[in-house]
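Q: Show me the folded form of this:
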Amino acid sequence: MIEYHNPDASVGIEEIPYELSLTVNSEATATIGLLANGFPDSVEFLNAVGDAIRALFPSVRLREYNKGNATIAAGEQLLQEITGECAGVIAAYGH
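A: Predicted coordinates:
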């Protein structure tokens with residue numbers, strides 16, 4: 001008989017549902033930011049995500065950002081720029 005072990009550990013903190021969202025439809029004209037974290041291929045991955053978004057929602061505007069260094073948090077100036085220009089943002093890791 002084969003037995004399987006589930007390697008998931010119990011969660012040590014309370015799970016809080018993520019409540020932020022942005023509804024996008026075919027008529028949407030929102031600006032969405034694409035934030036690369038600086039890992040290798042994060043820009044290329046977000047370029048592919050952007051292409052898919054453009055194919056589904058041609059009127060959505062995309063803004064590309066790159067924090068440039070995966071080991072540090074996004075700076076206050078970059079965050080202010082994103083929040084001032086975008087209704088939503090997609091952040092992505094590379095590798």
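Q: residues in contact with the nearest residue to residue 29 once chain neighbours are set aside?
A: Among residues not flanking residue 29 along the chain, residue 59 sits closest, at 5.1 Å (C-beta to C-beta, 6 or more residues apart in numbering). For the C-beta atoms, the positions are set from N, CA and C on the backbone; glycine is no exception. Going by C-beta atoms under 8 Å, 6 or more residues apart in numbering, residue 59 touches 26, 27, 28, 29.
Q: Just give the number of residues close to the closest residue to the first one other than its chain neighbours.
A: Leaving aside its chain neighbours, residue 26 sits nearest to residue 57 (6.5 Å; criterion: C-beta to C-beta, 6+ apart). Residue 57 has 18 neighbours, counted by other C-beta atoms under 10 Å.
Q: right, and residue 57 touches residue 24 too?
A: Yes: using C-beta atoms under 8 Å, residue 57 is in contact with residue 24, at 5.7 Å.
Q: re the thing from before, can you tell me how far the residue nearest to residue 29 sits from residue 41?
A: Look at residue 59 and residue 41: by C-beta to C-beta, to the nearest Å, they are 28 Å apart.
Q: State the three-state secondary structure for residue 63.
A: Put simply, residue 63 is strand when judged by DSSP: H, G, I helix; E, B strand; the rest coil.
Q: Check it and give its pLDDT.
A: pLDDT, residue 63: 97.
Q: who touches it in this structure?
A: 31, 32, 33, 34, 82, 85, 86.
Q: 10 Å - rerun?
A: Counting by C-beta atoms under 10 Å, 6 or more residues apart in numbering, residue 63 makes contact with 31, 32, 33, 34, 35, 50, 81, 82, 85, 86, 89.
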